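Asks: fold the following, please.
(one chain, ligands or ions: 1)
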Amino acid sequence: MVIRQVNEKGIDLFFNKINKDGISSGYNLNPDTSFTKSLIRGILVNIERYGYDACPCRLASGKKEEDIDIICPCDYRDIDLNQYGACYCALYVDEEIKSGKKKVLPIPDRRFSKDKEKIDNKNNIGNIDLKYPIWRCKVCGYLCARDNPPAVCPVCKAKKDRFEILLNKLR
Ligand code: SF4
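Replies: As a prediction, this is how the structure comes out:
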């Protein structure tokens, strides 16, 4: 598939795809296009190397189940966008950085930090009589109540395997 090839055409196709997905769901790519494309090249290299789009700025293990949290867009994107205005790699940025009002600052990797606990915000809502389990997209926090998670998150476009059960239905 051309979109996954590590060449100019593949990079442009991938860029256009995530740019379009981002626009439709409220995410901005870094306006420095050559920097952004260099990150996309890294993602495409990781797809070729590991078979999945691991974060271009982190060391992947090569095992998808171990790296599921750092498949781009990673589980940490939104919390870093909120706190720093950019994701760890600065592929995604907020409006202020996009418009040049603010610069990207160094962002600590929260993957193995205590902050990770805040992201793994497991169920503590108590007993609720649910007809369907509640699924949560680990990338953007989108919630839905249905038997199975959607194939693709309607907000951030993360795939089904990025969903977790937040609350199980009561049997
Ligand atoms: S969203 Fe996460 S995985 Fe993707 S480039 Fe940014 S930091 Fe890396």
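
Asks: which residues does Y92 contact?
Replies: 22, 27-30, 73, 77, 81, 86 (C-beta atoms under 8 Å, 6 or more residues apart in numbering). No exception for glycine: its C-beta is placed from N, CA and C like everyone else's.

Asks: which of those residues sits closest to G10?
Replies: L29 (16.5 Å; C-beta to C-beta).

Asks: pretty sure K138 is touching R162, no?
Replies: Yes. Contact criterion C-beta atoms under 8 Å: K138 and R162 qualify, at 5.2 Å.

Asks: mutual contacts of these two, please.
Replies: D75.

Asks: which helix or strand lies directly C-terminal to the lowest-mean-pLDDT helix or strand in the chain?
Replies: In the chain, no helix or strand scores lower on mean pLDDT, DSSP states H and E than helix 116-119, which sits at a mean of 57. Downstream of helix 116-119, the first helix or strand assigned by DSSP states H and E is strand 134-137.

Asks: what is that next one packed up against?
Replies: strand 143-145, strand 163-167 (3 or more C-beta pairs under 8 Å, 6 or more residues apart in numbering; DSSP states H and E).

Asks: can you name the residues of this structure that neighbour the ligand?
Replies: For the chain, the residues in contact with the ligand (C-beta under 6 Å from any ligand atom) are 39, 55-57, 70, 72-74, 77, 87-89, 91-92.

Asks: low-confidence ranges in this protein?
Replies: Scanning the chain with the threshold set as pLDDT under 70 gives 1-3, 114-129, 169-171.

Asks: most centrally placed residue in it?
Replies: P73 (2.0 Å; C-alpha atoms, centre = their mean).

Asks: next, that residue: secondary structure please.
Replies: coil (DSSP: H, G, I helix; E, B strand; the rest coil).

Asks: setting aside sequence neighbours, what's the nearest residue to it?
Replies: V139 (5.3 Å; C-beta to C-beta, 6 or more residues apart in numbering).

Asks: contact partners for the one you found?
Replies: Residues in contact with V139 (C-beta under 8 Å, 6+ apart) are 73-75, 77-78, 153, 156, 158, 162.

Asks: just flag the most distant two among those.
Replies: Farthest-apart pair in these is C74 and C153; separation 13.4 Å (C-beta to C-beta).

Asks: more neighbours: these two, which one.
Replies: Shown here are C74 and C153; by other C-beta atoms under 10 Å, C74 has more neighbours (27 against 24).
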